[in-house]
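K.L.:
have a look; sequence and predicted model below, questions after that.
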Amino acid sequence: MTAITDSRALDALKQYFGYEAFRPGQSGIVGSIIAGRDVLGVMPTGAGKSVCYQIPATILPGVAIVISPLISLMRDQVDALNDAGIPAAFINTTQTPDEQSSVFAQASAGFIKLLYVAPERLETERFRNFASRTPISLVAVDEAHCVSQWGQDFRSSYLGIGEFIANLPARPTVAAFTATATERVRHDIVSMLGLRDPDVTVTGFDRPNLYFDVIKLETRHKTSWVAKYVAEHADESGIVYCATRKETEALAASLNHAVAELRAVDGADPGQADPIAVAYHGGMSPECASGRNATS
């Protein structure tokens with residue numbers, strides 16, 4: 001980054017997020033985007049990929065389009081940005097046509113700096129009409145590995161992103177981000193999104209705060225083992241993943257019952273304790289998810 005760019009980016013980082021310095025890998029990506037160079041950032045979850053395009057969006061003119069695959073992630077990021085003082089919005093299927101029209105109007109008028117959409121949205125005539133008349137300075141593609149058939153989460157809707165960008169009246173800077181991409185997948189991302197001489201930053205995949213282990217158990221012993229583990233870590237929090245919603249609900253109920261019995265053995269009143277497990281799965285309304293987060 002140049003000294004001027006560095007100052008503007010750092011000022012924005014401190015103003016909106018309260019940080020004095022960028023994390024490893026962020027500074028170069030931010031500088032490249034502000035300078036108008038395409039980027040590909042391969043950074044582990046929690047490394048701050050979002051900041052890499054959110055900071056430039058506050059500095060660049062026009063609006064930044066952020067392509068994100070999950071409605072829940074859109075809502076979380078938009079809420080966090082607005083709380084930080086950065087005007088952001090999303091367009092998705094949870095909104096009425098009138099609500100979407102309001103967002104489009106605000107974005108076209110320059111009142112929104114980041115607009116989050118799913119890749120499928122780019123295929124609609126209404127969105128393309130909006131994009132054709134709105135100054136777009138940046139297109140940021142989250143979970144960019146979804147564009148590659150060699151990636152673990154290939155989504156055909158990602159294949160249209162490159163064509164959408166190519167048909168814009170003025171080509172914006174394009175920034176692609178992922179937490180996991182082999183060299184082959186990285187090549188696909190660059191090719192299929194049409195990145196031009198991108199600044200490629202790979203910060204590595206090591207997460208020193210994570211520990212992986214495999215414990216083999218018979219099916220009938222799994223719930224009791226998890227319950228015992230949860231009881232032994234009562235002052236901590238965690239997530240147990242299940243294959244289906246039905247299993248999620250059943251396991252949450254079983255854990256609460258099993259842990260209550262374990263507490264009773266230790267002399268605690270099982271009827272006085274709050275639930276230690278709540279079911280959380282895709283398809284929940286934001287209100288339901290928020291309530292369960294508060295409970296847990």
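P.N.:
All right, it came through fine.
K.L.:
you'd agree Phe22 is up against Met43?
P.N.:
No: using C-beta atoms under 8 Å, Phe22 is not in contact with Met43; the gap is 12.0 Å. (Each C-beta comes from the backbone N, C-alpha and C, glycine too.)
K.L.:
and Ile29, how many residues sit next to it?
P.N.:
29 (other C-beta atoms under 10 Å).
K.L.:
can you tell me the closest non-neighbouring residue to the residue nearest to the spatial centre of the chain?
P.N.:
Nearest to the geometric centre of the chain sits Leu73, at 4.9 Å (C-alpha atoms, centre = their mean). Once flanking residues are discounted, Leu73 sits nearest to Asp142: 7.7 Å by C-beta to C-beta, 6 or more residues apart in numbering.
K.L.:
start to end distance for stretch 58-70?
P.N.:
23 Å (C-alpha to C-alpha, to the nearest Å).
K.L.:
what does stretch 120-139 give?
P.N.:
End-to-end distance for stretch 120-139: 15 Å, by C-alpha to C-alpha.
K.L.:
before we move on, what about stretch 162-171?
P.N.:
Start-to-end span of stretch 162-171 (C-alpha to C-alpha) is 11 Å.
K.L.:
contacting residues for Val226?
P.N.:
Residues in contact with Val226 (C-beta atoms under 8 Å, 6 or more residues apart in numbering) are 240, 251, 255.
K.L.:
mind doing that once more with 7 Å?
P.N.:
Residues in contact with Val226 (C-beta atoms under 7 Å, 6 or more residues apart in numbering) are 240, 255.
K.L.:
where does it land on pLDDT?
P.N.:
Note for Val226: predicted pLDDT of 88.
K.L.:
distance-wise, check it relative to Gly28.
P.N.:
From Val226 across to Gly28, the span is 43 Å (C-beta to C-beta, to the nearest Å).
K.L.:
could you look up the SS state of the residue nearest to Tyr53 when sequence neighbours are not counted?
P.N.:
Nearest residue to Tyr53, sequence neighbours excluded (C-beta to C-beta, 6+ apart): Ala140, at 3.9 Å. Secondary structure assignment for Ala140 (DSSP: H, G, I helix; E, B strand; the rest coil): strand.
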